[in-house]
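[1] please find the sequence and the predicted model below.
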Amino acid sequence: MKAAVFREVNVPMEIEEVSVSKPGPREVLIRTKAAGICHSDMHFYNGSYPGQLPMILGHESAGVVEQVGRDVHYVKPGDHVITCLSVFCGHCEQCVTGHLSLCQEPEVRRGDGEEPRVSDAKEALNQFAQLGSFAEMMLVHEHALVKVREDMPMDRAALIGCGVTTGIGSVIHTADVEPGSTVAVIGCGGIGLSAINGAAIAGAARIVAIDMVASKLELARKFGATDVVDASQTDAVATVREMTSGGVHYSFEAIGLKATAEQAFRMLRPGGTATVIGMIPPGQMVELHGVDFLAEKKIQGSMMGSNRFRVDMPRFVDFYLQGRLHLDDLISNRIRLEDINEGMAALNTGEIARSVIMFD
Ligand SMILES: NC(=O)c1ccc[n+]([C@@H]2O[C@H](COP(=O)([O-])OP(=O)(O)OC[C@H]3O[C@@H](n4cnc5c(N)ncnc54)[C@H](O)[C@@H]3O)[C@@H](O)[C@H]2O)c1
Ligand SMILES: [Zn+2]
Ligand SMILES: [Zn+2]
C-alpha cells in the first residue's frame, strides 16, 4: 500500500510503497477513505513533541473494513467505521470507571517480538496514535474504531475521528457546560470550531470566539459564536471580561500555547473553569496567579474530549445529519495523499479549518 512516511523532523514526507501485516485475532484492517490533518500531527512533524521515527502520521479518519481477525465480532468486511486514538482495553481501572480516553494499557498494541503492523523493506513503521491514517490501509486494534451509518459521507465522518470529538467532548464531558452559561474559546481551528459548535448544542447563552485571523472569526459565527474577539487587535482577556461583566463561566484553550492557556484562566469569572485542550510542548510551564484560587477558579486538561467514542461518535453523526453539527463548513480543502506536505504547511497559516485527504 501507499503511505506518507515521516522520516525526519521538518523534512517533507514522501509517498512510499510499504507493507501491512494481516489482522491478528483482535485486529481490523481498514481501507482508508478520508483523513483530516490535525495540529497534533504538526506537533510531531515539527519536533515540538518527540516521536519514534520512521512513522506514519494521521489519526483523524474514516474508512471501510477490509478484513477482520478471527476473534472480532463487532465489525465485518464492508462496514463503515470512524477510527479513534482512544484505543481502550475495556478492563483497566480507567476503562471500568468510564475514563476510556485515559486507558494506557499496552495490550492493545503488538508486542516487541511480534511482526510490526506496518513496515518497509528494512524496519517497522510506527503508526501515529496506533492508527497512521496517512496511508491507504490502517491495521488497528478492534477497540480503535466505531461502526457508523452508511449514509454518513466519509470526509465529514473522518473529522469526527479527532477534532469534532475533542472539541465537543471537552465542552459536554470534560467541562460539562450548563445551558445558559457563558463560554469563551481561544483558537478557531478544527478543535476550537468544534468546541464552539458543542457549546451551542449544550445551550450556552453566550459563546465568545477568539482568534488572530479575521476569516476564522467569521467562520466561528457559523458554528454558533455570538461574539468574536480579534486577538491580533485587542487584549483578549480585558475584552472578554468587559463583554461578559467580569469573565466567563467556561473557557477553552484550543491552540497549545502557554500564553493562551494563561489567558483562558484569566478570563474566568469567580467559580469558572478553564479547560486546556491544546498540546503545550513538553517542558513548558503554565503560570497562574495563586490568589485566583480563592475565587474558586479551576483549570483542567482534556484528553480527546474525555470521550466514550463508541457512544459519542454515532451521536455526532446523527447531529450532522440533523443539521446541528456544521461539518460542511469545517472542510476547507479536499486534497490527495500526494499533497500531504502542502496540507501540513497550510496548517501553519491559521487560515484553514481542516484539510481532508481523500482516498479512492
Ligand atoms: N487534548 C487533545 O486530546 C487534543 C486533541 C486534538 C488536538 N489537540 C490540540 O488542539 C490544538 C488545536 O488543534 P487544531 O487542529 O484545531 O489547530 P489549528 O492549527 O487548526 O488551529 C489553531 C487556531 O488557533 C489560532 N491561533 C494561533 N495562535 C493564536 C493566538 N495567540 N491567539 C488566538 N488564536 C491563535 C490560529 O489562527 C488557528 O485558527 C493543537 O494544539 C492540537 O494539538 C488536542
Ligand atoms: Zn487530532
Ligand atoms: Zn483500559
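    Nice, thanks for sending it over. Ligands and ions are numbered 1, 2, ... in the order given.

[2] use CA for all of it now, contacts and neighbours both
    OK.

[3] the domain parsing of this protein - what is it?
    What automatic domain parsing lists as the domains of the chain is 2-161+306-358, 176-301.

[4] and the first one, how far from the chain's centre?
    Meaning domain 2-161+306-358. 10 Å (CA atoms, centre = their mean, to the nearest Å).

[5] how about that domain, does it reach ligand 1?
    Yes: Domain 2-161+306-358 is in contact with ligand 1 by CA under 6 Å from any ligand atom, via 38, 39, 40, 347, 350, 353.

[6] which SS state does residue 179 fall under?
    Following DSSP: H, G, I helix; E, B strand; the rest coil, the label given to residue 179 is coil.

[7] now do the phi/psi pair for the residue nearest to it when sequence neighbours are not counted.
    In space, residue 179 comes closest to residue 203 once its chain neighbours are excluded; the distance is 4.2 Å by CA to CA, 6 or more residues apart in numbering. Torsion angles at residue 203 (phi, psi; degrees, to the nearest 10) stand at phi 90, psi 20.

[8] could you report the neighbour count for residue 203?
    Residues within reach of residue 203, counting by other CA atoms under 10 Å, total 15.

[9] quick one: it and residue 182 touch, right?
    No: Residue 203 is beyond contact range of residue 182, at 9.6 Å (criterion: CA atoms under 8 Å).

[10] need the domains of the chain in CSV with mean pLDDT and distance to residue 168, can you?
    Converted to CSV, the domains of the chain look like this (pLDDT from 0 to 100; distance: least, CA to CA, whole Å):
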stretch, mean pLDDT, distance to residue 168
domain 2-161+306-358, 97, 9
domain 176-301, 98, 4
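
[11] now stretch 165-184 - C-alpha only, CSV.
    Provided in CSV are the C-alpha atoms of stretch 165-184 (Å, rounded to 0.1, in the frame of the first residue of the first chain):
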residue,chain,number,x,y,z
THR,A,165,-15.0,14.6,19.3
THR,A,166,-12.2,16.5,21.1
GLY,A,167,-13.9,19.9,20.7
ILE,A,168,-17.5,18.9,21.6
GLY,A,169,-16.3,16.4,24.2
SER,A,170,-14.3,18.9,26.1
VAL,A,171,-17.4,21.0,26.4
ILE,A,172,-20.0,18.4,27.2
HIS,A,173,-17.9,15.8,29.0
THR,A,174,-14.7,17.4,30.4
ALA,A,175,-16.2,20.8,31.4
ASP,A,176,-19.9,19.8,31.5
VAL,A,177,-21.1,23.2,30.3
GLU,A,178,-24.5,24.1,31.6
PRO,A,179,-27.3,25.6,29.5
GLY,A,180,-27.4,29.4,29.9
SER,A,181,-23.7,29.8,30.8
THR,A,182,-21.1,31.9,29.1
VAL,A,183,-18.2,30.3,27.1
ALA,A,184,-15.0,31.6,25.5
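
[12] mind checking how far residue 212 is from residue 351?
    10 Å (CA to CA, to the nearest Å).

[13] what segments of the stretch 101-250 of the chain are strands?
    118-119, 126-127, 137-141, 145-147, 182-186, 206-211, 227-230, 248-253 (DSSP state E, counting those that start in this stretch).

[14] ligand 3: which of the domains of the chain is closest?
    domain 2-161+306-358 (3.9 Å; CA to the ion).

[15] the closest one and ligand 3 in contact?
    Yes: contact between domain 2-161+306-358 and ligand 3, assessed by CA under 5 Å from the ion, occurs at 88, 89, 90, 92, 95, 103.

[16] how about residue 355, what does it touch?
    Going by CA atoms under 8 Å, 6 or more residues apart in numbering, residue 355 touches 36, 37, 331, 332, 333, 334, 335, 343.
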